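Asks: I'll drop the sequence and a predicted model, then ask my questions.
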Amino acid sequence: MLRTTTIYGLIIAASLIAYFLLMKLLGLHQYPALSIVNAFLFGGGIYRAIRTYRRDHPNNEYLDAWQVGILSGATATIIFTGFMAVYMYQIDSVFANQMLASWSINYNTGVLIMLLSMVLMGFSTTMVCVLSFMQLFKTSWNTTKTARVADSRS
């Protein structure tokens, strides 16, 4: 389980970082609405992590696959937030101030509030994706019609 969560957590984080750097290159990194793509990157990575784990461990329990999704998303969130912390504090400190100015807040919040919001958004996106995808991967308790008929005859 740890191997799958680490690999997919790194893949998700790398894709988030690459997307951010691409937006920076295009000059679009200051538009928060474009961060909706992050949800699709999270969702795709978490879906693949759960699918890979279930393929490699076909007799696993629901909770194990759920943990794979949560840990993959948490790993990606922590790595991406760490990257953004280094980026905002060391590489481009003007970026954080420009983003905070667009939030129209009347008090000085600093960069830490942006990092906190990234962590909260990452974990909440992870939870929504995992809970949604686990509905696709769970086994049904419903029986087929022929099985019900056979059981009623005995």
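Replies: Cool, the structure landed. Numbering: from 1, shown residues only.

Asks: so where's the protein shaky on pLDDT?
Replies: 32, 97, 100-110, 140, 143-154 (pLDDT under 70).

Asks: max-length helix in it?
Replies: Across the chain, the helix with the greatest residue count (assigned by DSSP state H) is helix 111-137.

Asks: from the contact counts, what lies against it?
Replies: On a contact count with 3 or more CB pairs under 8 Å, 6 or more residues apart in numbering; DSSP states H and E, helix 111-137 meets helix 36-56, helix 62-86, helix 93-102. For every residue, glycine as well, the C-beta is placed using N, CA and C.

Asks: that one vs helix 62-86, what angle?
Replies: Using axes from the mean of the first three to the mean of the last three CA atoms, to 10 degrees, the inter-axis angle of helix 111-137 relative to helix 62-86 is 160 degrees.

Asks: quick one: helix 111-137 to helix 36-56, angle?
Replies: Using the same axes, to 10 degrees, helix 111-137 lies at 40 degrees relative to helix 36-56.

Asks: quick revisit: can I get the helices and strands packed on helix 111-137 in JSON lines including distance to residue 123 and mean neighbour count?
Replies: Shown next, in JSON lines, are these (distance: least, CB to CB, whole Å; neighbours: other CB atoms under 10 Å):
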{"stretch": "helix 36-56", "distance to residue 123": "10", "mean neighbour count": "18"}
{"stretch": "helix 62-86", "distance to residue 123": "6", "mean neighbour count": "20"}
{"stretch": "helix 93-102", "distance to residue 123": "20", "mean neighbour count": "13"}
